[in-house]
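Engineer: no letters, just coordinates:
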């Protein structure tokens, strides 16, 4: 009653094992899941223009509440009519709650039942963030999907701390939903519990009754191994409601998308494609191509013959390697663009495989090539967990 | 006989005082002068893609022989079929001879009649550059217009040194034309002589008989004042043949384009628009807008309402100022794009003014606004020199 928005209908189009293709309706258009969301931390996907995000068929862009509230401040974004006016990207947005960044970037933070007090990483100024403040900032930023203010415990953390933290996160969720006032924004709850399945169970038990328009799997990819992480992802995804999109926060290496999709995840985000692009790496089906190394410097072919991104349609590996070596801006720019398109294409290919009931075989073939014949156990197990039941 | 190419016809379309609009035919298309050439030092106009260069209606791109011969080496560029294949920009190119960069970037250089020996700024390796080597490299790079290997004396320099240097530059020109083998490339001679009109006269006397398809005015914008520079530009331009394009090398602030066009210059290049863009400045008719300052941070309007560049059509000053402040790559990228488009639009407007015989008045009005009512004497004198005779 208090949180359900007029839109945000999620319709499953096809299933294959636990994986599914869905249509998620947002005020700024329908997005097709599984999807990868490029990260525009400071209101810009690093080095990529709004038009380019459309060109590579991005669907939803993530922006960070923590960064934008500190600079330029949410009121300036609101003065632009929200993130679409500010960034010129006309499609759907998602904002995180700021909770995760407070943990990773804020200094001298103090967490109480009320919220979090921390020193800004920009100027050391004392800042407070609470469920109420997070929602107010996210309402000013105007994304289509906003996230509940949660605590993401570090890894490793004491079981007991994780339990107390996830219980507080549920109380914070309740406070978020109490103050939320814009029906055109969907607030997603976040399930915590670290890598402990019983704590995930406890978090699910407390969180699911809120029946939010979508659910996130939080508290993962914070330092644990993939062998520890995927059982928690699979366990949680299997217990989330079928008719709601499931968002695995902060995860997005190519192999993670495949494994996550197999166990039923619908949404991903990660700075990885743009960050590794700035470091001179290109994502391909054959693994990560290092354009800092000497081999590509003489290769007159594109990064990927099958890729339709601007970089692959216009530039050779040799040219891009030259740009990287010469520290030219166009290098990181083009590699960021390619890497984002690679991940978008990867989920597009996964969607096709799901629609044709061939995900397991396709993912296996993809993995054999990507891992050069040495598929890691965690990946194999994730594919098996995905095929095991529906 | 030995240098004239099948194309490179230069037809004057209209005149206004000493200024003219011309069509210069190159193997990769006809360009309209006056024109500003974006500088792609290392085979990339910093931060700008090939498609964006087309979008902002660039005509000819300059690339630097010195940088490309050192890295990645001209043979790799040749393996791509030359600069258009390497950079994906399908239009005309111009390469400089490497001479100027040897003077400004090479260490421990030794200049003899044979050529120049210097240490690479990249790895300290000993490199030789001569008229023959410069032409060979420029033939491998494959630009439409290539430049004679010249010496550009520093400022200030002894009259006597400038005289000996310009005479040697003419002997080097002769050697360049002797080895030049690709008829689809036009080699432009360069007139030297510093700010001394009698030495300019001497250089002209020795250079004009070569009757190259175009002539450059070199050795300026190297430290002298504008009051010293423009009389030398006007003097030289007035004595160059009417039927050949005139290129003022390394010059390209907005006020320079107007003054240069007024006294009869047809081609310009400068790193200024992209460099000042990377520093957070935007070129406008009201002067340079500093996006590092506080005022633009709250302005919800574009840099320039009349500009048709992507940045002005999509982003507010506040957003761009945020990008600059947050050190986001999209900031320098968009400011570089805007600044290039500003200069292209400026020459387009100058061409229209020439065609309608209204250059002097238009330039005066432009100057009043740009210089905020305080037009400098050198600018006024250049406009007067341009109107004085035809």
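Structural biologist: Sure thing, it's come through. In this text the structure is predicted, and so the values were computed from the model without any measurement.

Engineer: tell me the confidence at the spatially most central residue of chain A?
Structural biologist: Residue closest to the mean C-alpha point of chain A, counted by CA atoms, centre = their mean, is residue A:269 at 1.7 Å. Looking at residue A:269, its pLDDT stands at 98.

Engineer: just checking, it touches residue A:256?
Structural biologist: No - contact criterion CB atoms under 8 Å: residue A:269 and residue A:256 do not qualify, at 11.0 Å. Where C-beta positions appear, they are placed from N, C-alpha and C, glycine not excepted.

Engineer: out of everything not next to it in sequence, what's closest to the residue nearest to the centre of chain A?
Structural biologist: Leaving aside its sequence neighbours, residue A:269 sits nearest to residue A:37 (CB to CB, 6 or more residues apart in numbering or on different chains; 4.1 Å).

Engineer: one more: residue A:286?
Structural biologist: residue A:369 (6.3 Å).

Engineer: what comes into contact with the helix or strand hosting that neighbour?
Structural biologist: According to DSSP states H and E, residue A:369 maps onto helix A:359-370. When contacts are defined by CB atoms under 8 Å, 6 or more residues apart in numbering or on different chains, helix A:359-370 is touched by residues A:16-17, A:19, A:254-255, A:258, A:261-262, A:285-287, A:349-350, A:353, A:375, A:379-380, A:383, A:386-387.

Engineer: walk me through the domains of chain A.
Structural biologist: With domains defined by automatic domain parsing, chain A comprises A:11-275, A:280-382.

Engineer: nearest to residue B:148, out of the ones you listed?
Structural biologist: Residue B:148 sits nearest to domain A:280-382 of all those, at 26.3 Å, using CB to CB.

Engineer: anything in stretch A:130-147 near chain B?
Structural biologist: No - using CB under 8 Å from any CB of the partner chain, stretch A:130-147 never reaches chain B; the gap is at least 13.3 Å.

Engineer: quick one: mean pLDDT over that stretch.
Structural biologist: Here stretch A:130-147 scores 98 as its mean pLDDT.

Engineer: same question, stretch A:95-108
Structural biologist: On average, stretch A:95-108 scores 86.

Engineer: buried stuff in that stretch?
Structural biologist: Within stretch A:95-108, the residues scored as buried using 16 or more other CB atoms under 10 Å in any protein chain shown are A:95-103, A:105-106.

Engineer: got it, and stretch A:148-163?
Structural biologist: Buried residues in stretch A:148-163, counted by 16+ other CB under 10 Å: A:148-153, A:155, A:157, A:162-163.

Engineer: what's the end-to-end length of it?
Structural biologist: In stretch A:148-163, first residue to last residue: 18 Å (CA to CA, to the nearest Å).

Engineer: ok, and what's touching that stretch?
Structural biologist: Applying CB under 8 Å, 6+ apart, the set of residues contacting stretch A:148-163 from outside is A:97-100, A:103, A:111, A:115-116, A:129-131, A:134-135, A:165, A:168-169, A:172-173, A:175-177, A:187-190, A:192-196, A:199, A:202, A:212, A:218-219, A:222-224.

Engineer: give me the buried subset of those.
Structural biologist: So, by 16+ other CB under 10 Å, the buried ones in the contacts of stretch A:148-163 are A:97-100, A:103, A:115-116, A:129-131, A:134-135, A:165, A:168-169, A:172-173, A:175-177, A:187-190, A:192-196, A:199, A:202, A:212, A:218-219, A:222, A:224.

Engineer: just the ones of the contacts of helix A:359-370 in helices?
Structural biologist: Within the contacts of helix A:359-370, residues falling in helices by DSSP state H are A:254-255, A:258, A:261-262, A:349-350, A:353, A:379-380, A:383, A:386-387.
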